[in-house]
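> from the sequence below, what's the structure:
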Amino acid sequence: MPPIRLKPTHDGTYTVYRGSQVLMSGLTRAQAESLVARAAA
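From the prediction side, this is the model:
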């Protein structure tokens with residue numbers, strides 16, 4: 001399974017990806033990091 005990663009966007013929010021697939025967008029950094037942590041558990 002591809003790794004989950006987050007990238008900042010031009011508007012200050014974050015997008016969470018699994019490989020090239022977008023899982024969620026428009027998140028704060030804290031929300032994005034929480035999602036990545038839960039997915040990795």
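> give the contact list for residue 20.
residue 2 (CB atoms under 8 Å, 6 or more residues apart in numbering). Any C-beta I mention is one placed from the backbone N, CA and C, and that applies to glycine too.
> how much space is there between it and residue 9?
16 Å (CB to CB, to the nearest Å).
> so the nearest residue in space to residue 31 that is not next to it in sequence bridges to which residues?
In space, and not counting its chain neighbours, residue 31 is closest to residue 14: 7.5 Å by CB to CB, 6 or more residues apart in numbering. Under the criterion DSSP bridges, residue 14 forms beta bridges with residue 8, residue 27.
> what kind of secondary structure is the residue positioned nearest the centre of the chain in?
For the chain, the residue nearest the mean C-alpha position is residue 16 (2.0 Å; CA atoms, centre = their mean). Judged by DSSP: H, G, I helix; E, B strand; the rest coil, the three-state class of residue 16 is strand.
> and it, what pLDDT?
pLDDT, residue 16: 94.
> buried ones in stretch 34-41?
35, 36 (16 or more other CB atoms under 10 Å).
> returning to that earlier point: quick check, the residue nearest to the centre of the chain in contact with residue 28.
No - if you go by CB atoms under 8 Å, residue 16 and residue 28 don't touch, sitting 11.6 Å apart.
> gap between the helix or strand bottoming out on mean pLDDT in the chain and the chain center?
Ranking every helix and strand in the chain by mean pLDDT, DSSP states H and E puts helix 29-40 at the bottom, with a mean of 90. With CA atoms, centre = their mean, to the nearest Å as the basis, helix 29-40 stands 7 Å off its chain's centre.
> what about the residue nearest to residue 31, how many neighbours?
If you count neighbours by other CB atoms under 10 Å, residue 14 ends up with 20.
> so what's it up against?
Residue 14 neighbours (CB under 8 Å, 6+ apart): 6, 7, 8, 25, 27, 28, 29, 31, 32.
> go on, residue 25?
For residue 25, the contact set (CB under 8 Å, 6+ apart) comprises 9, 13, 14, 15, 16.
> per-residue confidence at it?
96.
> tell me the spacing between the residue lying farthest from the centre of the chain and residue 8.
Computed with CA atoms, centre = their mean, the residue of the chain farthest from its C-alpha average is residue 1, at 15.4 Å. Applying CB to CB, the value for residue 1 to residue 8 is 23 Å.
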